[in-house]
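[1] pasting the sequence and the predicted coordinates here, then a few questions.
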Amino acid sequence: MNVLSNHFVHRIKQQGRQASATLARSGRRCSGFLVGNQFVYSDQSEILWMAAGPGEFRELKIWRK
């Protein structure tokens, strides 16, 4: 998983699709955004944003607007 800088957060919220996924390593369910083939999510306080690539998340559900 890659940690992202806050510079990209605004663009991710605009261009990404709202989704939720289960992280493969921890088995934890997270809400975030699907951007391309990466699932981008944050910690509960939205300070640290991380990107999980293909194979690092499963059970993806994309929310419709």
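    Yep, that arrived.

[2] now find how far off-centre the helix or strand hosting residue 31 is within its chain.
    Assigned by DSSP states H and E, residue 31 belongs to strand 29-35. Strand 29-35 sits 3 Å away from the centroid of its parent chain (CA atoms, centre = their mean, to the nearest Å).

[3] what's the answer for stretch 50-63, then?
    7 Å.

[4] how about stretch 21-41?
    That offset, for stretch 21-41, works out to 4 Å (CA atoms, centre = their mean).

[5] and it, which residues are buried?
    Buried residues in stretch 21-41, counted by 16 or more other CB atoms under 10 Å: 21, 23, 30, 32, 33, 34, 35, 38, 39, 40, 41. In short, each C-beta sits where N, CA and C put it, glycine included.

[6] and the end-to-end length of that stretch?
    Stretch 21-41 stretches 9 Å from its first residue to its last (CA to CA, to the nearest Å).

[7] which outside residues touch that stretch?
    Contacts to stretch 21-41, defined as CB atoms under 8 Å, 6 or more residues apart in numbering, come from residues 1, 4, 12-13, 15-20, 42, 49-62.

[8] if we can go back for a sec, which pair of the buried residues of stretch 21-41 spans the longest distance?
    Across the buried residues of stretch 21-41, no pair lies farther apart than 23 and 35, at 16.0 Å, counting by CB to CB.

[9] about what we covered before: which ones among the contacts of stretch 21-41 are found in helices?
    Those of the contacts of stretch 21-41 mapping onto helices are 12, 13, 15, per DSSP state H.

[10] any idea which of these has the most stuff around it?
    For the ones in helices among the contacts of stretch 21-41, the largest number of neighbours (other CB atoms under 10 Å) sits with residue 12, at 19 neighbours.

[11] state the pLDDT value of it.
    At residue 12, the pLDDT value in this model is 89.

[12] likewise residue 65?
    At residue 65, pLDDT is 67.

[13] phi and psi next, for residue 63.
    phi -90, psi 130 (degrees, to the nearest 10).
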